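**Student:** All I have is the shape, not the residue letters:
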């Protein structure tokens with residue numbers, strides 16, 4: 001009985017070890033592909049200086065861009081934790097997306113804190129109304145919701161409004177400005193960079209967001 005238990009434990013360890021090696025290698029292949037996407041998004045105006053893995057599912061890289069808009073540029077790519085079965089199942093259950101986060105300093109500290117998060121909700125009705133012709137549905141496009149700690153809100157074209165509009169119209173999931181380093185960060189769904197058009201416009205979107213903060217400092 002003790003021998004059988006020992007063999008079972010050894011077999012389980014071997015299976016988990018093989019699982020880890022296979023899926024860690026899978027993530028590393030995806031990481032290499034992602035870095036090629038990032039290099040392509042630079043369109044010859046920047047390059048990847050170095051890269052290393054923080055874990056089996058997190059890849060970190062430093063970029064060098066000629067633009068004066070960004071300094072100390074780095075990206076962090078978060079993949080599904082495939083090499084760890086329990087964490088992978090939790091990630092799948094929570095429907096967590098694979099993302100790329102761009103972080104940089106802006107050459108001048110922003111005078112404000114701002115975090116923009118993009119969420120989408122969808123719903124469907126049940127019962128009789130579910131049989132309605134889809135063309136009869138009434139679709140409403142709500143405006144952005146702003147939560148602020150300011151005692152006085154100025155209704156003008158502030159960086160907050162500009163960032164809300166850019167995030168709403170692009171494939172950006174989250175944007176953050178703050179006085180401390182990194183002064184700017186933006187998170188995008190990883191699969192969005194697989195499309196050449198979206199990848200080529202990624203840096204342009206980031207520059208547009210950074211330009212709003214620069215204008216606010218002037």
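**Tutor:** Good, I have the coordinates. Here the structure is a predicted model, which is why all the values come from computation and not from measurement.
**Student:** Now for the protein: which helix has the highest residue count?
**Tutor:** Longest helix of the chain, by residue count under DSSP state H: helix 2-42.
**Student:** what's that helix packed up against?
**Tutor:** strand 47-55, strand 58-64, strand 71-78, helix 85-93, helix 196-200, helix 202-217 (3 or more Cβ pairs under 8 Å, 6 or more residues apart in numbering; DSSP states H and E). (Each C-beta comes from the backbone N, C-alpha and C, glycine too.)
**Student:** what do you get if the cut-off is 7 Å, keeping everything else the same?
**Tutor:** Counting contacts by 3 or more Cβ pairs under 7 Å, 6 or more residues apart in numbering; DSSP states H and E, helix 2-42 packs against strand 47-55, strand 58-64, strand 71-78, helix 196-200, helix 202-217.
**Student:** Next secondary structure after the helix or strand of the chain with the lowest mean pLDDT?
**Tutor:** The helix or strand of the chain with the lowest confidence, counting by mean pLDDT, DSSP states H and E, is helix 159-169 at a mean of 59. Going down the chain from helix 159-169, the next helix or strand is strand 172-177, by DSSP states H and E.
**Student:** Next, count neighbours for residue 91.
**Tutor:** 19 (other Cβ atoms under 10 Å).
**Student:** if I look at it, how far off is residue 65?
**Tutor:** Residue 91 is 31 Å from residue 65, where distance means Cβ to Cβ, to the nearest Å.
**Student:** Of the helices and strands packed on helix 2-42, give the one that comes closest to residue 25.
**Tutor:** strand 47-55 (11.7 Å; Cβ to Cβ).
**Student:** buried sites along the closest one?
**Tutor:** When burial is assessed from 16 or more other Cβ atoms under 10 Å, strand 47-55 yields the following buried residues: 48, 51.
**Student:** Low-confidence regions, the protein specifically.
**Tutor:** Within the chain, the stretches with pLDDT under 70 are 1, 44, 67, 118-171, 196-198, 200, 212-218.
**Student:** Contacts for stretch 73-93 next, please.
**Tutor:** For stretch 73-93, contacts defined as Cβ atoms under 7 Å, 6 or more residues apart in numbering pick out 19-20, 23-24, 26-27, 30-31, 34, 38, 56-63, 65, 98-104, 190.
**Student:** If you compare the directions of the longest helix of the chain and strand 47-55, what angle comes out?
**Tutor:** 160 degrees (axes from the mean of the first three to the mean of the last three Cα atoms, to 10 degrees).
**Student:** between helix 2-42 and strand 58-64, how big is the angle?
**Tutor:** Going by the same axes, to 10 degrees, helix 2-42 makes 20 degrees with strand 58-64.
**Student:** tell me the angle of helix 2-42 relative to strand 71-78?
**Tutor:** Interaxial angle of helix 2-42 relative to strand 71-78 (the same axes, to 10 degrees): 140 degrees.
**Student:** what angle do helix 2-42 and helix 85-93 make?
**Tutor:** Using the same axes, to 10 degrees: helix 2-42 against helix 85-93 is 50 degrees.
**Student:** in the sheet, who's paired with residue 59?
**Tutor:** residue 53, residue 77 (DSSP bridges).
**Student:** okay but it is in contact with residue 50, surely?
**Tutor:** No: Residue 59 is not in contact with residue 50 according to Cβ atoms under 7 Å; the separation is 11.5 Å.
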